[in-house]
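Enquirer: Below are the sequence and a predicted model for it; my questions follow.
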Amino acid sequence: MAETVQDFFANLASRADPAKTAGMTNSYVFDIEGAGQWMVDVADVTISTSQETFEKIIAGEQNPTSAYMTGKLKIKGDMGAAMKLQKLF
């Protein structure tokens with residue numbers, strides 16, 4: 001069975017090769033007639049943590065910098081972009 005446009009965009013993140021997207025900070029809008037519109041951002045930074053730690057961060061019970069320093073939160077990519085998030089929330 002052929003892949004649908006919706007399936008392609010739903011699985012796009014898992015297909016991206018980090019070696020090929022390194023350093024890219026572009027956004028792309030795909031307007032596919034009859035199927036829909038998708039915005040694809042190539043990430044500057046990837047932030048990884050557990051659900052428990054993230055919930056504590058958004059509840060104000062865990063400082064994100066402390067979580068990073070203790071290994072509960074990992075940052076891959078642009079550290080400056082990650083630091084800007086603290087100012088937004």
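Expert: Yep, it's here.
Enquirer: so what are the domain limits for this protein?
Expert: If you go by automatic domain parsing, the domain ranges for the chain are 5-41, 50-88.
Enquirer: TSV please, covering those domains and showing mean neighbour count and mean pLDDT.
Expert: C-beta coordinates here come from the backbone N, C-alpha and C atoms, glycine included. Listed next are the domains of the chain as TSV, based on neighbours: other Cβ atoms under 10 Å; pLDDT from 0 to 100:
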stretch	mean neighbour count	mean pLDDT
domain 5-41	10	86
domain 50-88	13	87
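Enquirer: what sits against residue 29?
Expert: The neighbourhood of residue 29, defined by Cβ atoms under 8 Å, 6 or more residues apart in numbering, consists of 37-40.
Enquirer: For residue 60, which three-state class applies?
Expert: Reducing the assignment at residue 60 to three states with DSSP: H, G, I helix; E, B strand; the rest coil gives coil.
Enquirer: so what's it up against?
Expert: Going by Cβ under 8 Å, 6+ apart, the list of residues near residue 60 is empty.
Enquirer: between the contacts of residue 29, which is nearest residue 28?
Expert: Residue 28 lies nearest to residue 40 out of these, by Cβ to Cβ, at 4.7 Å.
Enquirer: mind pulling up the phi and psi values for the closest one?
Expert: phi -120, psi 120 (degrees, to the nearest 10).
Enquirer: Distance of it relative to residue 76?
Expert: Taken as Cβ to Cβ, to the nearest Å, the spacing of residue 40 relative to residue 76 amounts to 19 Å.
Enquirer: same thing with residue 84?
Expert: From residue 84 over to residue 76 (counting by Cβ to Cβ), the distance is 16 Å.
Enquirer: Kindly report the same for residue 83.
Expert: According to Cβ to Cβ, residue 83 stands 14 Å off from residue 76.
Enquirer: And residue 24, by the same measure?
Expert: Look at residue 24 and residue 76: by Cβ to Cβ, they are 14 Å apart.
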